[in-house]
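K.L.:
got a predicted structure here, sequence first:
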Amino acid sequence: MPANLFGAVHHDSFRRLKARRIRPDELRGKDGALTQSWQSIVVRAVSHAIALGAVALVLFITLVPVHAQTLHVAAVAPLPMPEDIASVRAQPAIGPTIVPIQPGHQPLTPALLSNYLERQKELRAVNVLAYGEPQELNSEVLMGYIARGSLGSNSAVSAIASFTSPAETPQPALNPSSLAAYIETGYEPIEKRIERANAERDCLTQAIYHEARGESAAGQLAVANVIVNRARSGKFPSTLCGVIYQNAEKGRYRCQFTFACDGRSDAPKERRAWSRSAALAEGVYAEFALGENVGAVPGSTLYYHTTAVRPSWSSTYNAVAQIGSHIFYSPN
């Protein structure tokens, strides 16, 4: 076959093959023109529908907040509160009536301070420190003595109370009969009272030192507690010194506490133990004077002895505690 003819045939065959690869028969119509199948048309239609739906969804999400922001606040504001409810809410939490402030809780004001200063001047203007010959006792001296000399009183609180609620704190009626009764039941100038208080503390210190200086703090406090219980019981003298030195004048070993009538000197020889006893006695005496419980042993405990002895009365009383080398008893 000539070269030209072979080339022409080969070129024609390649062109038909290329046309067949690019344009398959299934895309040709009856007249040979290019066309599409119904499946392709459906796929393209569905794709366009999905695209349009996505665009519509994006527009909806974007535009809805814009419409929400255009709402007017007045359209969602709450209704006005009724007057009766508003008046109730305006009342204090404790109720429609405000409770008066208790004495001692008021803010310091010039009027309150002035009242306190005036009361202090009045109290200090009365001479209640006379000692020696009894002075004439009248209502001013008596009230000044009570106001300044009462153990545990607080003149500042008293002044505040009189300023805030004078009607609730009436003054006691004073007359010659009540004054005479007060004198008979223990009127003393303040110097005399201080002297007596110092003596009571010293007696208690002596008892703690000589009776329990080798004991623990709890053991020493229990011994002091028995002395306080006796003074309050009504069965023994009413003072601490009276309890400690009861029957000491009757002779050797006939008193209630051995050291008080053994004939030996009561002068302390151990300085550190004496200091501990004095500190404990000061606290216990304050509780005794204020009427507070010491708390080391029950208030009914009136007796004790060391474990080295066994007195006959120990079998007739109830043992309530053993602290250190002491056993403590209450009457039946």
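P.N.:
Happy to help now that I have it. Numbering: from 1, shown residues only.
K.L.:
drop to CA atoms for contacts and neighbour counts, all remaining ones
P.N.:
OK.
K.L.:
which stretches of the stretch 101-250 of the chain form helices?
P.N.:
110-124, 139-149, 155-164, 176-184, 190-212, 217-233, 240-244 (DSSP state H, counting those that start in this stretch).
K.L.:
comparing those helices, which yields the minimum mean pLDDT?
P.N.:
When the helices of the stretch 101-250 of the chain are ranked by mean pLDDT, helix 155-164 comes last with a mean of 51.
K.L.:
which SS state does Gln322 fall under?
P.N.:
Following DSSP: H, G, I helix; E, B strand; the rest coil, the label given to Gln322 is strand.
K.L.:
now it, nearest residue through space, not along the chain?
P.N.:
Leaving aside its sequence neighbours, Gln322 sits nearest to Phe328 (CA to CA, 6 or more residues apart in numbering; 6.1 Å).
K.L.:
OK, contacts around that neighbour?
P.N.:
Thr301, Leu302, Tyr303, Tyr304, His305, Ala319, Val320, Ala321, Gln322 (CA atoms under 8 Å, 6 or more residues apart in numbering).
K.L.:
neighbours around Tyr253, how many?
P.N.:
15 (other CA atoms under 10 Å).
K.L.:
tell me if I'm right that Ile244 and Arg201 touch.
P.N.:
No - using CA atoms under 8 Å, Ile244 makes no contact with Arg201, being 11.5 Å away.
K.L.:
now the helix or strand hosting Arg272: buried residues?
P.N.:
Counting by DSSP states H and E, the element that carries Arg272 is helix 271-290. For helix 271-290, burial by neighbour count (16 or more other CA atoms under 10 Å) applies to Ala273, Trp274, Arg276, Ser277, Ala278, Leu280, Ala281, Glu282, Val284, Tyr285, Ala286, Phe288.
K.L.:
which strands and helices sit next to it?
P.N.:
Judged by 3 or more CA pairs under 8 Å, 6 or more residues apart in numbering; DSSP states H and E, helix 271-290 is in contact with helix 190-212, helix 217-233.
K.L.:
and it, average pLDDT?
P.N.:
Helix 271-290 carries an average pLDDT of 95.
K.L.:
moving C-terminal of that helix, what's the next helix or strand?
P.N.:
Later in the chain than helix 271-290, the nearest helix or strand by DSSP H and E is strand 303-306.
K.L.:
show me what that following strand is packed against.
P.N.:
Using 3+ CA pairs under 8 Å, 6+ apart, strand 303-306 is in contact with strand 326-330.
K.L.:
so in that sheet, which strands flank the strand it packs on, and in what orientation?
P.N.:
Based on DSSP bridges, the pairing partners of strand 326-330 within the sheet are strand 303-306 (antiparallel), strand 318-323 (antiparallel).
K.L.:
just the residues contacting the first one, thanks.
P.N.:
Residues from elsewhere that reach strand 303-306 (CA under 8 Å, 6+ apart): Val223, Val226, Pro311, Ser325, His326, Ile327, Phe328, Tyr329, Ser330.
K.L.:
drop anything exposed from those residues.
P.N.:
Val223, Val226, His326, Ile327, Phe328, Tyr329, Ser330.
K.L.:
OK, contacts around the third one?
P.N.:
For His326, the contacting residues are Gly219, Tyr304, His305, Thr306, Thr307, by CA under 8 Å, 6+ apart.
K.L.:
can you rerun that using 10 Å?
P.N.:
211-212, 215, 219-220, 222-223, 304-309 (CA atoms under 10 Å, 6 or more residues apart in numbering).
K.L.:
now tabulate those residues in a markdown table and tack on distance to Asn293.
P.N.:
A markdown table is the format used below for those (distance: CA to CA, whole Å):
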| residue | distance to Asn293 |
| --- | --- |
| Glu211 | 21 |
| Ala212 | 20 |
| Glu215 | 21 |
| Gly219 | 16 |
| Gln220 | 16 |
| Ala222 | 12 |
| Val223 | 14 |
| Tyr304 | 18 |
| His305 | 22 |
| Thr306 | 24 |
| Thr307 | 26 |
| Ala308 | 29 |
| Val309 | 29 |
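K.L.:
kindly export the helix holding Arg272 (C-alpha atoms) in CSV.
P.N.:
Extracted in CSV, the C-alpha atoms of helix 271-290 (Å, rounded to 0.1, in the frame of the first residue of the first chain):
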residue,chain,number,x,y,z
ARG,A,271,7.8,31.2,145.3
ARG,A,272,6.8,29.6,142.0
ALA,A,273,4.1,27.5,143.6
TRP,A,274,2.8,30.5,145.5
SER,A,275,2.5,32.5,142.3
ARG,A,276,0.5,29.8,140.6
SER,A,277,-1.8,29.6,143.6
ALA,A,278,-2.3,33.4,143.7
ALA,A,279,-3.2,33.5,140.0
LEU,A,280,-5.7,30.7,140.4
ALA,A,281,-7.2,32.2,143.5
GLU,A,282,-7.8,35.5,141.7
GLY,A,283,-9.8,33.9,138.9
VAL,A,284,-11.8,31.7,141.3
TYR,A,285,-12.6,34.6,143.6
ALA,A,286,-13.9,36.6,140.6
GLU,A,287,-16.3,33.7,139.8
PHE,A,288,-17.3,33.5,143.4
ALA,A,289,-18.1,37.2,143.6
LEU,A,290,-20.0,37.2,140.3
